[in-house]
Structure formats: C-alpha cells, structure tokens
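# Show me the folded form of this:
(chains A, B and C)
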Amino acid sequence: MSNNKLFTTPIDANVPVVNELVFEQINSQITDQLNTGVLVLDADFNIVLWNRFLQVHTDKITDNIIGKSIFTAFPELPQRWLSRKLSSVLQLNTPSFCSWQQRHHLFELPHTRPITTDSEFMAQNCTFLPIESDTRDRHICILIEDVTDACHYQMQLQKTLAEIAQISRIDGLTQIYNRRHWQDSLEQEYAKARRHDKKLSLIMLDLDHFKLLNDNYGHQGGDMVLIEVSALISALLRVEDTFGRYGGEEFAIILPETDSAGAMELAHRICRVIATTPLTYNSQVINVTVSLGVAQLSCNESNYEELITQADSALYQAKSQGRNQVCSAPELVS
Amino acid sequence: MSPSVLICDDSNMARKQVLRSLPQEWKDSVQIACNGAEALTILRDNSIEILFLDLTMPGIDGIGVLQGIQKLNLDCSVFVISADIQPEMQSKVKALGAKEFMRKPVQSDALLNNLQQHGLI
Amino acid sequence: MNEFHLTEDQQDCLQELINIAMGQASDQLARYLDTFVYLKVPSIESVEASELMITLSQRKNTIAVVSQGFFGYEGIRGESLLIYQEEDSGRIADLLGYEPDELSQDEQLIDISSILTTTFLNVFAQQIDNQLSYNAPKLLPNVQEILSEHLQQMPFTWNLALKVNINYQVTDYSFNCNMIILIPETAITNIKYVLDRVLEEF
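Numbers count the residues shown, from 1 in each chain, chains lettered A, B, ... in the order given. The predicted model follows:
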C-alpha cells in the first residue's frame, strides 16, 4: 500500500527529489536530536544502534556498546523478565510497553532535575517495537522516554490528595476525627456489625460545666482543655476504636466488637482518668470531669442514628444524676 | 461433467470466497448451506461429491458435520476451511476424515492445488 | 437504523474478518505460550453506547480494566478495553511465562492485555491492508465507578461499540476475559468504507 511509506517520489516534477542518502541523513539526525532514547537490538538482543540521547545519558562509549548484549551493556536490567518480554515482541510481532507506573525505570540513567525528585534515576516509559527489514533479519527498537517530570508531578498530586483526604477527616483543634468522618465510620461499623452479627457499642461523653470553664479561663483555656482531654482519652483506646469530636465539648467513641460490659468498663476508666488528672493552664490547675452515656447495639435499632440517640439519652441521664459518672442505655429502661 | 459441490459456512462472504475460487464450469452445480444442520440435510438427500466446510458455526458445527458424515457413511471429499488454525484442530479434522485443512481467508490457488492433489480436477 | 449501523453484508464481512483475526491470534498465542489454546467462537456484537454503559455498570466482580488506543491508516482508530473478573486474574504470570515475583499483578494484567489486543488487531489490520500503531496500555484505576466515567469522558463521541467476547482456555487452567473494541463515529464511517471495498473484491 502506497500510503504507508514515508519516503516517496513527489508527484510535482518541480519539487526537487530528495535522494535516499539525504533522506537517510535527515533521519539519523532526527534520531540523534530526539529527546528520547533509541536502542535497536538484533534477534539475539545484541545492540545494533543507539542514539545520542542514550550516549550522553549513560556516559558510555559507543565502541563499548555496539555489538554487546543489552544485558552486558546495561547490567541493571532484569534479565529473565526482559528476555521474555523481548521474545514476545519478536515472536508475536507486536509492540510491548513498560510504564513508570509499574516500573519506575529500566535503565539506570541520571535525570535532569536532580534536586526536586526522590529517585536518583530517570523515570521512564519504554516501548518495544518489532522492526522488519528486507533481509528478514528481525530487530527490536526500544524507545526510552524521560517521564521524570510527569512522575514527579503525579507523586506530588497523590501526596497532596492523601493530605487533603486526611485533613477532611480531622478536627483542626483536637486532631481527632471530626463529626462527619466519625459518623461515616459509625455508618460502616453499624452495617458491618449487622451483616456479620457482631457486637458494637457506643460512648457519648460531654465535658461537665464547660461554659463555666470558658468563663473562668477564657476560650483559650477551654481549647486547651478540649485538646488535653482528647489526648487523655485517645491514650485509653484500641486502634480499632473510632474517636471523634461530635460537637463543641461533646465527644463520641465507636467500639467495634465490644459489648456493653466492655464499653461500661472503658467509660468508667475514662471518667476516672479525666477526674484524677489535673490540667494546668497559665500555671493554674484546672480540674475537669466528664459525663458519659453508653449504648450497645441490640436487635431493636433499625439504623445507626438510633444508637446515637440511645447513647445520648444515657449521657443526659448521667448529667441529670449529678455529672462525673457513667450511665448505660439499658439502665434507662429499668 | 462437473461434480456436485456443497459449500457450508455461516458467513455469506466466506461462501462467496470459496465460490469464486472454484473452476468456472463447476459454479452451476454448487449448493449452499448456512449451518451444520442444513449441510447434513443436503448431504443426506443428495449425493454430494465435494464439501467445503467451515468449523465454527452456530448449532451443529464443522466437527458435528464430519461426525455426521462418518455416521451416515457418506462418500464425500471434505475440505475444511477454518479460522481456527491451531495444529491440534488440524489433526482433529483429519482424524475425522477431512481430506485437507485450509486456513481462512481461502486462497484460490491453494484451493485448486488441493483439488488437483486429490484428483478432483 | 442510522447511518452508523452496518448493513447485513458489512456485519457479515466484519464478523468473518474478526473470526480469522481471532483464529490467527490464538494460533500465535498458543505458539508463544507453548500450550494449546482452546478457542471458542468469539461472540461479536455491535452495541449502542448507551446499552454498553448499562451492561458494564451492572457487572459485578470486575477487578480490572485495561485500555489501549489504536490508530491506523484510512481513519481507522479506536480503543480496546479488556475487562477482567476477579477469578480470571490468578495465574496470568504463569500463563505469560514469568515468575510471579518478577512483576506485579497490575503489570501482569497490562502485559496480557497488550498481547491480546495487539496480536488480534494486527491480524485484523493485515486483512484490510492496514497497519496499526498502539498507545501504551493503561490500567484504569478503581474500576467500579470509573468505567462508566471513563466512557463518558472519552475525547470523541461514539455511537457504536464492537463487543468481542473472547474466551481463552489454556490446557490445564482456564483464563477468561472480555475484549471490547470501541470505535468512534468517524472511524465507523471509515470502517464501513473499508468493508465495502473488501466486499467489492468478491
């Protein structure tokens, strides 16, 4: 088919014909000025040709490279894997690819932005192309594209996205989970517990007389208390528990695979630790207490919100019975 | 005298491809089947000397037709023309009595060569 | 019936070309993998974009989709999507002749996809006197929602998609995947032109 040749005789007789020699020179100069590595191998994986890009980036001498096996010239290459890949190109006569996303680089080449990237080598996209010639000799052309920039920006983007995701889950003041994430977690834990018929308990707690604290010590004093109390409680929890700031001075803890006895025990411990740990603010000692409500998942609740309501009622009970104490939801019933 | 010929393939294009490769004088005595079941009916009711048979067809496939021919004990030269060209498939159809195996798209000269080799032209 | 629908003859011609391409590709693959590849008749259907969107989004257990663009002369271009179910991905390294620790699961999927797509399309192109080039295959991230999003975000509008269901079974274990070839509107017109030319030769 005529349209798959690049080199063809011009139709217009006035256009000077470029002869094959000139054409070849043009081609080889383009190859040398490409900002992409070009490496051609024979069917035994010996290097037949390379371009200037590779020469300058590898700092190797052409005479030491041409005719050598690619695995001798570039000992860093994973030989078994790459041999199989190269064979597929020859045997199936199809191109093959290798992306930096799966393998950061194949060839250990330095890159041109050495300070801002985390790898010392150039990130690469490699393409392996089958080359057919008139002589029936089979060759493979390897194109090595420098994608260090793309790789760098992609990494930055991923890091930033992860940071944003983290920030969106965290309460800025106390550094524990915010209400939205806490509630999402409860929804998931609720579904999980229902599906696998597992236990699940909830603790809602509230600082006692917080308004008074703010009045006596100012809002910064109040903030300090919120931060310290969050830290004290965090230290008492297991990794699988989810601790969040539910409202101003209200906190909530999800306890997966925990029955009400376990939840009560923890609630009492929290109550005791807070009450017996004096906090200092501006060299003044502040004593704080908390009231806690505990609820355990039973077959009565039809959604996770009902579990919150129960724990909340228990908390209200603890408040009305004089604060600095724990109440559990079943006690309300009795 | 031109022999009675049956071309069995579910693809119209493939049937035409076989048809145009046949000797000119045969073309009037060629019958067509679009699937294996049709082919077996024609084979039973007519004495077909040469069958060009595709393998992958809906319903009764080429293998099914070959088995049917054996069961009916018909004297018919079968030339399989298939897209599935793995060596295992080639030996399977030969074992079922096919004279030759040709790969798709069928080439006119290859087809004529095969007919010649089996003394059919 | 709109202008992008294939006529019965065109459909038949395309089916035949695809059968042949699939047969030769499997033969090549069997030789390369040094095993017998049992080839089922590839089921081929052309589907409306909207239908495909629904079919794909209803599929459960899809674990991975690998996309690869292709382009050739005469405006033939498109994108192949290889879709894997959870149970199909276990032994691809084995199948390809790699040691499992030589490459990640992602790379295995990308590798086998590229081989399936390019062997098949190369033979297909050969039959219509064409030659195709390929983009690097890409694993689409987080398959579940992303697939329909990906289809919606494609830079061209396409009405017709050619869905080729491939089922490869390899001697002692089976390996299944679906190949879907998406063809943009403009390329459909070009394919119809090429099919008509092939048909004229008969």
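# Only C-alpha atoms from now on, for both contacts and neighbour counts.
OK.
# Distance check, C:Leu121 against chain B.
15 Å (C-alpha to the nearest C-alpha, to the nearest Å).
# what residues does the helix or strand hosting that residue touch?
Here C:Leu121, judged by DSSP states H and E, is contained in helix C:105-127. Residues outside helix C:105-127 that contact it (C-alpha atoms under 8 Å, 6 or more residues apart in numbering or on different chains): A:92-97, A:102, C:17-18, C:20-22, C:24-25, C:28-29, C:64, C:66, C:68, C:80, C:82, C:89, C:92-93, C:96, C:131-132, C:134, C:137-139, C:179.
# residues near the closest residue to chain A within chain B, how many?
Nearest residue of chain B to chain A: B:Gln86, at 15.0 Å (C-alpha to the nearest C-alpha). Neighbour count for B:Gln86, taken as other C-alpha atoms under 10 Å in any protein chain shown: 22.
# which SS state does C:Tyr84 fall under?
strand (DSSP: H, G, I helix; E, B strand; the rest coil).
# right, and it touches C:Cys177 too?
Yes. Look at C:Tyr84 against C:Cys177 with C-alpha atoms under 8 Å: they come within range, at 5.2 Å.
# More neighbours: which of those two?
C:Tyr84 (21 against 17).
# Which residues of chain B lie near chain C?
Residues of chain B lying near chain C by C-alpha under 8 Å from any C-alpha of the partner chain: B:11-14, B:16-17, B:20, B:56-57, B:83-86, B:88, B:104-105.
# The residue nearest to B:Asn12 when sequence neighbours are not counted sits in which helix or strand?
With sequence-adjacent residues excluded and distances taken as C-alpha to C-alpha, 6 or more residues apart in numbering or on different chains, B:Asn12 is closest to C:Asp12, at 6.7 Å. According to DSSP H and E, C:Asp12 maps onto helix C:8-33.
# Next, name the residue at the spatial heart of the chain.
Because you didn't say which chain, this covers chain A. A:Ala162 (5.5 Å; C-alpha atoms, centre = their mean).
# My question was about chain C, not that one.
Geometric centre of chain C, nearest residue: C:Met179, 3.6 Å, by C-alpha atoms, centre = their mean.
# Can you tell me which residues in the stretch 201-334 of chain A are near chain C?
Not one residue of the stretch 201-334 of chain A sits near chain C, judged by C-alpha under 8 Å from any C-alpha.
# now the helices for chain B?
Here chain B has its helices, by DSSP state H, at B:12-21, B:36-45, B:62-72, B:87-95, B:108-117.
# Out of those, which gets nearest to A:Gly244?
Proximity to A:Gly244, assessed across the helices of chain B by C-alpha to C-alpha, is greatest for helix B:87-95 (65.7 Å).
# Who are the packing partners of the closest one?
Using 3 or more C-alpha pairs under 8 Å, 6 or more residues apart in numbering or on different chains; DSSP states H and E, the elements in contact with helix B:87-95 are strand B:100-103.
# If you count contacts, what does the strand it packs on end up packed against?
strand B:77-82, helix B:87-95, helix B:108-117.
# Burial check on the residue nearest to A:Ile286 when sequence neighbours are not counted, number of neighbours?
Spatial nearest neighbour of A:Ile286, chain neighbours left out: A:Leu279 (5.1 Å); criterion: C-alpha to C-alpha, 6+ apart. Close neighbours of A:Leu279, defined as other C-alpha under 10 Å, add up to 17.
# dump the residue contacts of A:Leu279.
Residues near A:Leu279 by C-alpha under 8 Å, 6+ apart: A:225, A:228, A:285-288.
# List buried residues within these.
Buried subset of those (neighbour count, 16 or more other C-alpha atoms under 10 Å in any protein chain shown): A:225, A:228, A:288.
# Report pLDDT for the last one.
The one in question is A:Val288. Looking at A:Val288, its pLDDT reads 95.
# Please apply the same query to the first one.
Each residue has a pLDDT score; the one for A:Val225 is 95.
# Please apply the same query to the second one.
Turning to A:Glu228, the model gives it a pLDDT of 95.
# Can you list the residue ranges for strands in chain A?
With DSSP state E as the criterion, chain A has strands at A:36-42, A:47-50, A:96-98, A:124-132, A:138-146, A:200-207, A:242-245, A:250-256, A:279-281, A:284-286, A:290-296, A:326-328.
# follow-up on the earlier one: want to throw the helices of chain B into a markdown table with mean neighbour count?
Converted to a markdown table, the helices of chain B look like this (neighbours: other C-alpha atoms under 10 Å in any protein chain shown):
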| stretch | mean neighbour count |
| --- | --- |
| helix B:12-21 | 19 |
| helix B:36-45 | 17 |
| helix B:62-72 | 18 |
| helix B:87-95 | 15 |
| helix B:108-117 | 14 |
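# Including distance to C:Thr189, could those go into CSV?
Shown next, in CSV, are these (distance: least, C-alpha to C-alpha, whole Å):
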stretch, distance to C:Thr189
helix B:12-21, 20
helix B:36-45, 34
helix B:62-72, 34
helix B:87-95, 36
helix B:108-117, 30
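# okay if I get those as CSV plus mean pLDDT?
CSV is the format used below for the helices of chain B (pLDDT from 0 to 100):
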stretch, mean pLDDT
helix B:12-21, 92
helix B:36-45, 95
helix B:62-72, 95
helix B:87-95, 91
helix B:108-117, 93
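# Tell me the pLDDT of C:Ile44.
Note on C:Ile44: pLDDT of 69.
# let me fix that: A:Leu6
At A:Leu6, the pLDDT value in this model is 56.
# what bridges to A:Ile131?
As for beta bridges, A:Ile131 partners with A:His139 under DSSP bridges.
# residues in contact with it?
Under the criterion of C-alpha under 8 Å, 6+ apart, the contact list for A:Ile131 reads A:138-141.
# what do you get for A:Ser328?
Contacts here follow C-alpha under 8 Å, 6+ apart; on that basis A:Ser328 touches A:260, A:264, A:293-295, A:311, A:314-315.
# Most neighbours out of those, which is it?
Using other C-alpha under 10 Å as the neighbour criterion, A:Val294 leads the contacts of A:Ser328 with 32 neighbours.
# Tell me the one of the buried ones among the contacts of A:Leu279 nearest B:Asp45?
Proximity of those to B:Asp45, judged by C-alpha to C-alpha, is greatest for A:Glu228, which lies at 96.7 Å.
# and the gap between the closest one and chain C?
Distance, A:Glu228 to chain C, by C-alpha to the nearest C-alpha: 39 Å.
# ok, and which of the strands of chain A has the densest surroundings?
Stretch with highest mean neighbour count among these: strand A:290-296 (a mean of 29; mean count of other C-alpha atoms under 10 Å in any protein chain shown).
# what's that strand in contact with?
Contacts of strand A:290-296 (C-alpha under 8 Å, 6+ apart): A:199-208, A:259-260, A:263-264, A:267, A:271, A:274-275, A:307-308, A:310-319, A:323-330.
# pLDDT weak spots in chain C?
Scanning chain C for pLDDT under 70 picks out the ranges C:1-4, C:38-44, C:49-50, C:53-61, C:86-91, C:142-160, C:166-175, C:202.
# among the helices and strands packed on strand B:100-103, which is nearest A:His219?
helix B:87-95 (83.9 Å).
# Compute the inter-axis angle for the closest one and helix C:8-33.
Counting by axes from the mean of the first three to the mean of the last three C-alpha atoms, to 10 degrees, helix B:87-95 lies at 110 degrees to helix C:8-33.
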